[in-house]
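Asks: Provided below for reference: sequence and predicted model.
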Amino acid sequence: MFLLPPLHSLSRFLLAGFLSCFLECAISLAADDILIADFEQASYVPWTVTGDAFGQGPATGTLPGQMLVDGFLGQKLCNSFVNGDDSTGLLVSPPVLLERDFISFLIGGGKNRELLALQLMIDNQVVRTATGTNETPGGSERLELQYWDVSQFKGKKVTFRILDQAKGSWGHINVDHIVQTNTMPKGNVQNAERSIDLTSRYIHIPIKNGAPKRVVSLLVDNKLIVRNDIELADGKPDWWAPMDVSSWQGKRGTFRVDKLHEDSAALSQIQQSNFIIDEDSMYREPLRGQFHFSPKRGWNNDPNGCVFCNGEYHLFFQHNPYGWAWGNMHWGHAVSKDLVHWEELGDKLLPDEMGPMFSGSAVVDWNNTSGLGKDGKPPLVLFYTAAGNPTTQCMAYSTDGRNFTKYSNNPVIKEVTGGNRDPKVIWHEPSKRWVMVLYVEWQKKHTAHFYTSENLKDWTLASIVNGDAPGGGYLFECPDFFELPVDGDASRKKWVLLGANSDYAIGDFDGKRFLPDATRLKGHRGRGFYAAQSFSDVPDGRRIFIGWWQTETKGMTFNQSMTVPLELGLKQTEDGPRLTFAPAKELQNLRAHTHEIVSSTPKELLQSPDSPNPLRDVSAELVELEIEFKPDSANRLLIKVRGVDIAYHADKQEIELAGHRASAPLVNGKQRLVILCDRTGIELFASDGLCYVPLPINVDPSNRQLAVATQNGNAIITSLNVYELQSAWIAR
Ligand code: FRU
């Protein structure tokens with residue numbers, strides 16, 4: 001048991017400084033220590049090398065294709081990732097006389113005591129073994145201090161072996177700084193614990209991005225509540241992750257950490273309060289998108305459970321509340337009345353014994369087919385993947401849109417194959433049945449399995465679509481499936497089946513079987529856009545879509561965001577109906593100031609410098625720029641938004657955004673562009689929505705300038721408006 005009293009903030013800072021020094025001091029040489037190997041030379045001599053895993057000599061750190069290797073001392077280390085994970089080999093030291101009580105060393109990499117090990121050998125027998133810490137994908141390459149008590153072998157001749165006979169994921173080992181010492185090294189404590197009376201809403205967990213992941217469990221009344229893999233800060237944290245413990249107020253909670261350095265302050269500095277730490281600066285951070293949703297703290301990826309119910313849009317999302325990177329998948333939850341102003345409500349689906357909570361969808365069960373409604377209130381039903389072993393499809397429900405209960409008979413669909421996930425459920429009116437589209441890696445193919453149900457609980461497999469169309473796959477995880485009118489004509493509807501990268505197929509659906517007319521069509525034309533999902537039950541029938549936007553937010557207490565809400569449509573083209581994207585009209589709620597530069601009378605824009613920049617008097621941080629033009633004699637129209645270059649190449653009918661090009665055909669000889677610029681990215685719409693280019697890019701905060709010009713000729717501007725937007729988070 002490892003129990004530390006809470007610390008006041010001053011002592012916390014002192015401790016943080018002391019700690020980083022101490023951890024290093026603990027592995028530097030004491031006067032009478034004997035260095036066995038520091039792997040600082042060009043070759044491994046005098047050790048003997050066999051196999052190809054260790055290369056010609058010690059590595060200077062991270063090898064190509066490897067995650068960041070740190071925690072070693074000096075400039076080099078022994079790293080068996082040479083030629084990747086599949087290479088194997090053996091390093092053997094010359095004989096060494098054991099003269100001290102302990103051997104300490106730094107070690108990291110894969111965990112496998114038989115195949116990946118530092119071994120101490122006496123008379124050809126292994127007497128001590130150490131290995132790395134990683135068994136599953138993810139993890140950390142960091143080397144950590146371990147030691148053996150070898151006092152019983154003092155005076156004997158020993159050899160050391162570093163063994164890599166492992167292949168595949170984590171099939172390598174990192175070792176450095178092997179030392180004989182009489183000072184017992186400071187080590188790790190197993191199952192370190194701290195018990196706290198839970199008196200406040202939040203427990204704050206100290207996070208150091210990139211630190212080794214520790215398994216942190218919360219137990220209340222001796223019952224495991226939740227377990228997460230957390231990059232705990234031993235010293236000063238990069239940020240504090242709030243854990244909402246309001247459900248256990250008044251109880252005593254025990255935090256247990258699987259392994260913690262003896263001098264770590266991680267547990268002692270856990271604190272509680274009713275507020276999120278640094279809440280005052282929340283939503284004002286330099287890289288916080290101001291009209292794009294992002295979580296208060298931690299990582300987000302896919303939007304999940306998008307649904308409209310009782311006057312609110314619900315946006316759930318893949319959330320790591322306790323890390324800056326992916327992991328610990330929870331369903332975060334936010335609601336909005338207008339798709340633009342979101343209120344984050346906390347995590348609703350927590351990882352459980354069935355696994356982490358992977359992506360899924362939501363529907364309102366208006367007719368209470370599931371029987372999960374209460375007092376005449378229809379249930380809001382969530383479908384998610386419990387990504388354990390087995391990986392299954394499960395359900396949770398709520399009648400107040402706030403409190404969600406996992407269905408007691410989960411799973412509703414057993415594992416088909418290990419690669420089955422991301423259920424999207426819809427109501428199919430003509431057949432009066434629920435339909436679930438599930439992504440399944442099946443018989444070495446990427447498929448969508450279609451199931452039907454009358455009550456949301458019992459599902460029958462109806463058909464399978466092979467998403468590996470000739471010429472390449474279009475369907476990979478996070479399917480969405482919906483019907484849309486072509487050119488707004490309700491009598492001509494088509495079904496769309498989309499995958500996570502928004503490549504799609506168009507076709508017909510009879511309630512059981514989807515028959516595509518065309519597959520592998522391209523959705524968005526940008527970058528960093530993935531796993532988008534459409535909202536169920538939108539009252540006016542619009543198909544609103546929102547995507548995970550991989551914006552770069554280094555140094556922030558949160559990571560990634562969502563795109564703006566998009567309205568989808570189908571437009572008839574020469575090649576058939578194609579998907580269109582437009583910013584949802586609700587974004588207009590954010591227009592704070594309008595600059596109507598060209599409205600009723602078209603304006604000829606001459607090649608500069610003959611024409612002054614029509615936007616010279618406009619300066620804005622959050623920008624919606626709308627321009628319609630005929631290229632006329634100009635072969636290029638150039639736009640600059642806060643230092644970011646946008647060019648329309650009339651000759652090639654292409655749009656270029658910060659060097660990224662996409663096809664954007666003229667429509668009736670004209671081009672209309674809508675450009676949305678937030679702090680961490682630009683979304684551009686062209687060609688009546690046939691071309692949507694989302695692009696994460698961190699815009700120069702000091703540049704508020706806008707410009708429009710032509711190149712090699714003149715263009716006719718038929719409309720040009722700039723709207724300065726207000727923040728969706730911070731009221732003016
Ligand atoms: C897509 C995805 C999903 C999965 C989720 C896990 O980004 O890989 O297939 O459910 O993320 O976070």
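Replies: Sure thing, it's come through.
Asks: so which helix or strand takes in the residue nearest the centre of the chain?
Replies: Against the mean C-alpha coordinate of the chain, by Cα atoms, centre = their mean, the closest residue is Asn301 at 3.9 Å. For Asn301, the element it lies in under DSSP states H and E is strand 298-309.
Asks: Could you do Lys424 as well?
Replies: Short version, using DSSP H and E: Lys424 is in strand 420-428.
Asks: Report the buried residues of that strand.
Replies: Asn420, Arg421, Asp422, Pro423, Lys424, Val425, Ile426, Trp427, His428 (16 or more other Cβ atoms under 10 Å). (C-beta placed from N, C-alpha, C; glycine too.)
Asks: what's in contact with that strand?
Replies: Outside strand 420-428, the residues that touch it by Cβ atoms under 8 Å, 6 or more residues apart in numbering are 302, 358-363, 381, 383-385, 387, 391, 393, 413, 433-442, 449, 452, 456, 477-482, 500, 509, 511, 533, 536.
Asks: So which other helices or strands are in contact with the next helix or strand after the strand holding Asn301?
Replies: Beyond strand 298-309 in the direction of the C-terminus, DSSP H and E gives the next helix or strand as strand 312-320. If contacts are counted by 3 or more Cβ pairs under 8 Å, 6 or more residues apart in numbering; DSSP states H and E, strand 312-320 sits against strand 298-309, strand 330-336, strand 342-349, strand 357-364, strand 543-549.
Asks: what angle sits between the third one and strand 312-320?
Replies: The reference is to strand 342-349. 60 degrees (axes from the mean of the first three to the mean of the last three Cα atoms, to 10 degrees).
Asks: Show me which positions of strand 342-349 end up buried.
Replies: Trp342, Glu344, Gly346, Asp347, Lys348, Leu349.
Asks: Mind putting those residues into a markdown table with distance to Ser611 and pLDDT?
Replies: Shown next, in a markdown table, are those (distance: Cβ to Cβ, whole Å; pLDDT from 0 to 100):
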| residue | distance to Ser611 | pLDDT |
| --- | --- | --- |
| Trp342 | 41 | 98 |
| Glu344 | 46 | 98 |
| Gly346 | 53 | 97 |
| Asp347 | 54 | 98 |
| Lys348 | 54 | 98 |
| Leu349 | 56 | 98 |
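Asks: ok, Ile173 - contacts?
Replies: Each residue near Ile173 by Cβ under 8 Å, 6+ apart is listed here: 80, 107-110, 116-118, 131-132, 162-164.
Asks: where does this structure dip in pLDDT?
Replies: Within the chain, the segments meeting pLDDT under 70 span 1-29, 471, 732.
Asks: That one: helices as residue ranges?
Replies: With helices called from DSSP state H, the chain shows them at 9-25.
Asks: quick one, strands of the stretch 551-700 of the chain?
Replies: Listed in chain order, the strands of the stretch 551-700 of the chain (DSSP state E, counting those that start in this stretch) span 558-559, 561-562, 566-573, 576-583, 591-598, 603-605, 623-630, 636-641, 644-649, 654-657, 660-663, 671-678, 681-686, 691-696.
Asks: Turn these into JSON lines, including mean neighbour count and distance to the ligand.
Replies: Below are the strands of the stretch 551-700 of the chain laid out as JSON lines (neighbours: other Cβ atoms under 10 Å; distance: least, Cβ to the nearest ligand atom, whole Å):
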{"stretch": "strand 558-559", "mean neighbour count": "22", "distance to the ligand": "13"}
{"stretch": "strand 561-562", "mean neighbour count": "24", "distance to the ligand": "13"}
{"stretch": "strand 566-573", "mean neighbour count": "19", "distance to the ligand": "18"}
{"stretch": "strand 576-583", "mean neighbour count": "20", "distance to the ligand": "19"}
{"stretch": "strand 591-598", "mean neighbour count": "14", "distance to the ligand": "32"}
{"stretch": "strand 603-605", "mean neighbour count": "18", "distance to the ligand": "42"}
{"stretch": "strand 623-630", "mean neighbour count": "22", "distance to the ligand": "28"}
{"stretch": "strand 636-641", "mean neighbour count": "21", "distance to the ligand": "29"}
{"stretch": "strand 644-649", "mean neighbour count": "19", "distance to the ligand": "27"}
{"stretch": "strand 654-657", "mean neighbour count": "22", "distance to the ligand": "24"}
{"stretch": "strand 660-663", "mean neighbour count": "16", "distance to the ligand": "21"}
{"stretch": "strand 671-678", "mean neighbour count": "22", "distance to the ligand": "22"}
{"stretch": "strand 681-686", "mean neighbour count": "26", "distance to the ligand": "18"}
{"stretch": "strand 691-696", "mean neighbour count": "25", "distance to the ligand": "15"}
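Asks: In JSON lines: those, plus distance to Ile34.
Replies: Putting these into JSON lines (distance: least, Cβ to Cβ, whole Å) gives the following:
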{"stretch": "strand 558-559", "distance to Ile34": "45"}
{"stretch": "strand 561-562", "distance to Ile34": "53"}
{"stretch": "strand 566-573", "distance to Ile34": "65"}
{"stretch": "strand 576-583", "distance to Ile34": "67"}
{"stretch": "strand 591-598", "distance to Ile34": "70"}
{"stretch": "strand 603-605", "distance to Ile34": "78"}
{"stretch": "strand 623-630", "distance to Ile34": "65"}
{"stretch": "strand 636-641", "distance to Ile34": "63"}
{"stretch": "strand 644-649", "distance to Ile34": "59"}
{"stretch": "strand 654-657", "distance to Ile34": "61"}
{"stretch": "strand 660-663", "distance to Ile34": "57"}
{"stretch": "strand 671-678", "distance to Ile34": "59"}
{"stretch": "strand 681-686", "distance to Ile34": "56"}
{"stretch": "strand 691-696", "distance to Ile34": "52"}
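Asks: mind giving me the domain ranges of this protein?
Replies: Domain assignment for the chain, taken from automatic domain parsing, gives 2-18+188-273, 31-181, 295-550, 593-725.
Asks: Identify whichever of these lies nearest to Asp575.
Replies: domain 295-550 (7.8 Å; Cβ to Cβ).
Asks: From start to finish, how long is that closest one in a straight line?
Replies: Domain 295-550 has an end-to-end distance of 13 Å (Cα to Cα, to the nearest Å).
Asks: Could you list the buried residues of the strand holding Asn301?
Replies: Gly298, Trp299, Asn300, Asn301, Asp302, Pro303, Asn304, Gly305, Cys306, Val307, Phe308, Cys309.
Asks: ditto for stretch 529-546
Replies: 529-538, 542-546.
Asks: Contacts only, for the most far-flung residue of the chain relative to its centre.
Replies: Ranked by distance from the centre of the chain (Cα atoms, centre = their mean), the top residue is Gly155, with 53.4 Å. Neighbouring residues of Gly155 by Cβ under 8 Å, 6+ apart: Leu97, Leu98, Glu99.
Asks: cutoff 7 Å now
Replies: Leu98 (Cβ atoms under 7 Å, 6 or more residues apart in numbering).
Asks: And for Ile597?
Replies: If you count contacts by Cβ under 7 Å, 6+ apart, then Ile597 has Pro614, Leu615, Leu720, Asn721, Val722 around it.
Asks: Who wins on neighbours among those residues?
Replies: Ranked by the number of neighbours (other Cβ atoms under 10 Å), those place Val722 first, at 24 neighbours.
Asks: Now narrow the buried residues of strand 298-309 to whatever sits close to the ligand.
Replies: Asn301, Asp302 (Cβ under 6 Å from any ligand atom).
Asks: I figured Gly419 was touching Lys444, is that so?
Replies: No. At 10.2 Å, Gly419 does not count as touching Lys444 under the criterion of Cβ atoms under 7 Å.
Asks: Between the two, which has more neighbouring residues?
Replies: Taking neighbours as other Cβ under 10 Å, Gly419 and Lys444 compare with Gly419 leading, 14 against 6.
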